[in-house]
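Chemist: Would you be able to build a 3D model of this:
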Amino acid sequence: MRRTTLALAAGAALSGTMLAMPVAAQTAQGDVAVTIYNNNLALVQDKRDLRLPAGKSKQDFPDVSAQIRPETVTIGAPGATIVEQNFDFDLLTPESLMEKAVGQSVTVVRGGQNLPAKVLAYNDGTVVEIGGRIEVLGKDDRVIFPSLPPSLRARPTLSVTLDADAAGARPVTLSYLTYGMGWKSDYVALFDEKAGKIDVQGWLTLTNNSGVTYTNANTLLVAGAVGGGGRGMGSVMVPGTETAGRERIGDFYVYPIPGRTTIAQRQQKQVSFLDVAGAPAAKAYAYRNPWLGRQDQPRSVDTVLRFSSSKEGGLGDALPAGTVRIYMRDARGAPQFIGENAISHTPMGSRLAIKTGEAFDVKVKSVVQTRERAGSNKWRTTMVYTLTNARPDAVVVELSQGGLDSWWKDTKILSETQASERINADEALWKVSVPANGEATLTATFETRY
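Modeler: This next block holds a predicted model:
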């Protein structure tokens, strides 16, 4: 769409229809506190100093969020009550100014001439009537408007009518919920396999797309989806039972941003909240085979990194949901990225197993060797698992067979070449040692009843 140069006539009206009551001056943001949640939601508390006349007056609060939830607005003003409130979010732009001018008279400046015109339409261009002719404005035309439409605002503004019992200055606290703000956590982990240690740094990333900047704000981050939300996914976690030494609100942990900070519109801001060196960690190999799972070709086992969030021998903190990115040093000592995965909100004292990828040299092939009826309602199945290892050192693969209780009941392991551990009703686990540059075979026979 061609753009037309727009201008306001000198002395144009800058406000809408006046109320039949005093109108106080606008006040910018004051002492701001922002509490940001994980689910694109934030609570803004803005304390401003107002001088109110006695009786009813209209007060404008600019610099509020463009994504404010007006139904959540509360205002605390000693000695004053709220009569009415309106949120004006029709913002002043060249496009909105032209849309409001449809059917109105304007002045078109063309070639040094001021031509009276009437705006007929504004759809993929501006159609005007000039001297009885219908024209489409060109890119070099400039339009002068006689006044500013009363409904347009230079910035999102909350207008409130207050009824004060007496004139005078007083603090007024404006509180509201807004969309468009959120935060997430990210973890950078450097794993030393030989030493069995891990260094972890945690970062909180704030994002502000609410439409306004919050200047010098006291900022809190709350870990949890208030009012519901999706659950974390990714790693395997055995939840801990230790209480982290952090501030809490209800069932949520609070992560305050040290000092005050300005959260600019359309800005991402990162702050560190976790820095741990030398926590115990270990690599493991794992593979879960579905019931009756068989492969024409061997499949790589999962590479898993295990560590703890425990105070003793771990990271020593509650971990908000986020992504863990894992690095290892190469032969030259440079850290190299080896994988990432998500964690859910993790209590302190938890044990985590994060899949970082699939092993190049360690593979499993499972085969259904036999499957036959063992009675009117029983089946007998023999599985053979072949594990291969092309690494120059021996490995232990945690091989589990799943689906033991998905459709059948009373599943039993009748025989096995290595003792298993029944993790739960649905899964059995073997820890299979596979020699360097070698292979190992495991055979198990199951009986299922349906």
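
Chemist: low pLDDT regions in this structure?
Modeler: For the chain, the stretches flagged by pLDDT under 70 are 1-27, 88-91, 153-155, 224-236, 406-409.

Chemist: other SSEs contacting the host helix or strand of V222?
Modeler: Assigned by DSSP states H and E, V222 belongs to strand 214-223. The criterion is 3 or more Cβ pairs under 8 Å, 6 or more residues apart in numbering; DSSP states H and E, and the helices and strands that strand 214-223 contacts are strand 31-37, strand 197-208, strand 252-263. From N, CA and C alone the C-beta is placed, and that goes for glycine too.

Chemist: Could you name the helices and strands sitting against the first one?
Modeler: Yep, that's strand 31-37 we're talking about. Against strand 31-37 (3+ Cβ pairs under 8 Å, 6+ apart) you get strand 41-52, strand 181-192, strand 214-223.

Chemist: can you redo the helices and strands packed on strand 214-223 as CSV with mean neighbour count and distance to V368?
Modeler: As requested, these are exported to CSV (neighbours: other Cβ atoms under 10 Å; distance: least, Cβ to Cβ, whole Å):
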stretch, mean neighbour count, distance to V368
strand 31-37, 21, 49
strand 197-208, 19, 39
strand 252-263, 16, 48
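
Chemist: Make CSV from those strands and add distance to S350 to it.
Modeler: Listed next are those as CSV, based on distance: least, Cβ to Cβ, whole Å:
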stretch, distance to S350
strand 31-37, 22
strand 197-208, 14
strand 252-263, 14
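
Chemist: Among those strands, which comes closest to K47?
Modeler: strand 31-37 (4.3 Å; Cβ to Cβ).

Chemist: Give me the contacts around the closest one.
Modeler: Identification of contacts with strand 31-37 by Cβ atoms under 8 Å, 6 or more residues apart in numbering yields 42-48, 181-183, 206, 214-222, 224-226, 263.

Chemist: returning to that earlier point: of the helices and strands packed on strand 214-223, which is nearest A334?
Modeler: Of all those, strand 197-208 sits nearest to A334, with 15.0 Å by Cβ to Cβ.

Chemist: quick one: contacts for T107?
Modeler: Contacts of T107 (Cβ under 8 Å, 6+ apart): A9, N114, L115, P116, A117, V143, I144, P146.

Chemist: thinking again about what came up before, what's the ChimeraX line that selects buried ones from the contacts of strand 31-37?
Modeler: Buried members of the contacts of strand 31-37, defined by 16 or more other Cβ atoms under 10 Å, are picked up in ChimeraX with:
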select :42,43,44,45,46,48,181,182,183,206,214,217,218,219,220,221,222,224,225,226,263
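
Chemist: quick check: longest strand of the chain.
Modeler: If you go by DSSP state E, the chain has its longest strand at strand 351-375.

Chemist: now the helix or strand that it is followed by, how far from the chain's geometric center?
Modeler: Using DSSP H and E, the helix or strand that follows strand 351-375 in sequence is strand 378-389. From the chain centre to the centre of strand 378-389 is a distance of 43 Å (Cα atoms, centre = their mean, to the nearest Å).

Chemist: picking that back up, kindly present the helices and strands packed on strand 31-37 as TSV, with separate columns for distance to Q295.
Modeler: Formatted as TSV, these follow (distance: least, Cβ to Cβ, whole Å):
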stretch	distance to Q295
strand 41-52	46
strand 181-192	29
strand 214-223	41
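
Chemist: mind listing the helices for the stretch 1-150 of the chain?
Modeler: Ranges of helices in the stretch 1-150 of the chain, per DSSP state H, counting those that start in this stretch, are 94-100.

Chemist: the strands in it, which residues?
Modeler: Assigned by DSSP state E, counting those that start in this stretch, the stretch 1-150 of the chain shows strands spanning 5-8, 31-37, 41-52, 55-62, 74-76, 80-88, 105-110, 113-122, 126-130, 133-136, 142-145.

Chemist: so which of the ones you listed gets nearest K365?
Modeler: K365 lies closest to strand 31-37 among the strands of the stretch 1-150 of the chain, at 47.0 Å (Cβ to Cβ).

Chemist: so what strands line up beside the closest one?
Modeler: Take DSSP bridges as the rule and strand 31-37 pairs in its sheet with strand 41-52 (antiparallel), strand 214-223 (parallel).

Chemist: ok, and what's touching the first one?
Modeler: In other words, strand 41-52. By Cβ under 8 Å, 6+ apart, the residues outside strand 41-52 that reach it are 24, 27-37, 59, 61, 64-65, 77, 80, 162, 164, 167-182, 210, 214, 226.

Chemist: can you do 6 Å?
Modeler: 27, 29-36, 164, 169, 171-178, 181 (Cβ atoms under 6 Å, 6 or more residues apart in numbering).

Chemist: Kindly report the same for stretch 264-271.
Modeler: Applying Cβ under 6 Å, 6+ apart, the set of residues contacting stretch 264-271 is W203, L204, T205, L206, T207, N208, V212, T213, I257.

Chemist: farthest-separated two in those?
Modeler: Going by Cβ to Cβ, the pair spanning the contacts of stretch 264-271 furthest: W203 and V212, at 24.5 Å.

Chemist: Now for the closest residue to V32 other than its chain neighbours: which residues touch it?
Modeler: Using Cβ to Cβ, 6 or more residues apart in numbering and skipping residues adjacent in sequence, the residue nearest V32 is A217, 4.3 Å away. By Cβ under 6 Å, 6+ apart, A217 lies in contact with V32, V34, I263.

Chemist: Roughly how far does the first one sit from K269?
Modeler: Same thing as V32. Distance check for V32 against K269: by Cβ to Cβ, to the nearest Å, it reads 15 Å.

Chemist: I'd like to know the beta-bridge partner residues of Q201.
Modeler: With DSSP bridges as the rule, Q201 is bridged to V188, D275.

Chemist: Hmm, it is touching D275, no?
Modeler: Yes - counting by Cβ atoms under 6 Å, D275 is a contact partner of Q201 at 5.2 Å.
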